[in-house]
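Peer 1: Based on what follows, work out the 3D shape:
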Amino acid sequence: DNKMKLVSVVVATYKREAELKNALESLAKQTYPNMEIVLVDDNGNDEWNSKVSETVEVFRNRYPKIKLECIVNNSNQGSSKTRNIGIHSANGDYITFLDDDDIYLPDKIRKQVEFMETNQCDYSITDLILYNEDDKKINRRIRSYIKEMTVESLRLYHLKYHMTGTDTIMFKKEYLIQIGGFASIDVGDEFYLMQRAIEEGGKFGYLPGCEIKAYVHTGDGGLSSGDGKIKGENALYEYKKTFFDQLEAGDIRYIKMRHYAVIAYAELRRKNYVKFTSNALKSFFASPCNFFTILKR
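Peer 2: Residues are numbered from 1 along each chain as shown. From the prediction side, this is the model:
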């Protein structure tokens, strides 16, 4: 089949104006020609709905050849439900995601589709580089640890290192529908999505390299920081513990270390120094060598 497969990019948006324009602009610059954008407006607010509608109108006038569907949620649904609404409206053979405050580099879609077609993947992931508001690289998730593609190996990699970053994941639409899309949970929704994809045994592919700029907002009061973040991380840790009887002691120590390090960082961001110190110490004692490795990164 030489016909170029259609790719749907699902963009969920909530209370971001300038960032959304940049995200859409980055999609207009894609070198892969057969693409549609499914934008889901989750603002649930007349003022913001009209801002999104204006952005969409400007985009459609500027890029009349790019199909952009805009769906407006009546009320705010949260990220996972909003993305699922986008998935069910998508017409593509492949589905990928772009957060409304991130951007794709021009070859992102082309490279990932070609990789998936060549390797007949059901889903795939790339590396991830994170930037701060000043466009400085602050973190990188290079997946060089991925050596084996069995369900057991992928499960372990994911439990330890998180094969996430919604922007980096691409699915065959039929596989994404088969595994039920995103779980109805907003903190860590992409972790649970990848977990489902692994457990269902679909063909996985890892494409080294990063064609995305994902931004971390240090002053954010959203779900990714504060109480929401800590609750979500604790729930995720309880979920991970259900796999401990299948894991080696060293892997369990690593997972504990990472969990407490994440909580410590969240407490540091909200200037709760007592809880920061207590969680940092728990992290250190769980696995001292790995603690220093993660600290350095």
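
Peer 1: Can you tell me what sits against the host helix or strand of residue 138?
Peer 2: Assigning secondary structure by DSSP states H and E places residue 138 in strand 137-141. The contact list for strand 137-141, computed with CB atoms under 8 Å, 6 or more residues apart in numbering, reads 127, 128, 129, 130, 131, 132, 161, 162, 165, 210, 216, 297. Where C-beta positions appear, they are placed from N, C-alpha and C, glycine not excepted.

Peer 1: ok, which pair from the residues you listed is furthest apart?
Peer 2: 132 and 161 (21.7 Å; CB to CB).

Peer 1: Which parts of the chain are helices?
Peer 2: Using DSSP state H, the helices found in the chain span residues 18-28, 46-62, 79-89, 108-119, 151-161, 173-178, 189-199, 226-241, 249-269, 273-286, 288-296.

Peer 1: on that earlier part again, next, the angle from the strand holding residue 138 to helix 151-161.
Peer 2: Orientation check (axes from the mean of the first three to the mean of the last three CA atoms, to 10 degrees): strand 137-141 against helix 151-161 gives 160 degrees.

Peer 1: before we move on, back to that, do you know which of the helices of the chain lies nearest residue 97?
Peer 2: helix 79-89 (6.5 Å).

Peer 1: and that closest one, what other elements does it pack with?
Peer 2: Applying 3 or more CB pairs under 8 Å, 6 or more residues apart in numbering; DSSP states H and E, one finds that helix 79-89 makes contact with strand 7-13, strand 35-41, strand 67-72, helix 173-178, helix 189-199.

Peer 1: Quickly compare these and say which is most buried.
Peer 2: strand 7-13 (a mean of 25; mean count of other CB atoms under 10 Å).

Peer 1: now that strand: how far from the chain's centre is it?
Peer 2: Here the centre of strand 7-13 is set off from its chain's centre by 12 Å, with CA atoms, centre = their mean, to the nearest Å.

Peer 1: what lines up beside it in the sheet?
Peer 2: According to DSSP bridges, strand 7-13 forms sheet pairs with strand 35-41 (parallel), strand 94-97 (parallel).

Peer 1: got the helices and strands packed on helix 79-89 as TSV, with mean pLDDT columns?
Peer 2: Formatted as TSV, those follow (pLDDT from 0 to 100):
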stretch	mean pLDDT
strand 7-13	98
strand 35-41	98
strand 67-72	98
helix 173-178	98
helix 189-199	96
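
Peer 1: Low-confidence ranges, the stretch 1-150 of the chain, go.
Peer 2: Applying pLDDT under 70 to the stretch 1-150 of the chain flags residues 1-2.

Peer 1: coming back round to it: as JSON lines, the strands paired with strand 7-13 with distance to residue 73 would be great.
Peer 2: Shown next, in JSON lines, are those (distance: least, CB to CB, whole Å):
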{"stretch": "strand 35-41", "distance to residue 73": "6"}
{"stretch": "strand 94-97", "distance to residue 73": "17"}
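
Peer 1: Quick check: the gap between the closest residue to residue 233 other than its chain neighbours and residue 271.
Peer 2: Spatial nearest neighbour of residue 233, chain neighbours left out: residue 262 (5.5 Å); criterion: CB to CB, 6 or more residues apart in numbering. For residue 262, the distance to residue 271 equals 17 Å [CB to CB, to the nearest Å].

Peer 1: Which of the two has more residues huddled nearby?
Peer 2: Counted by other CB atoms under 10 Å, residue 262 and residue 271 do not tie: residue 262 has more neighbours, with 19 against 7.
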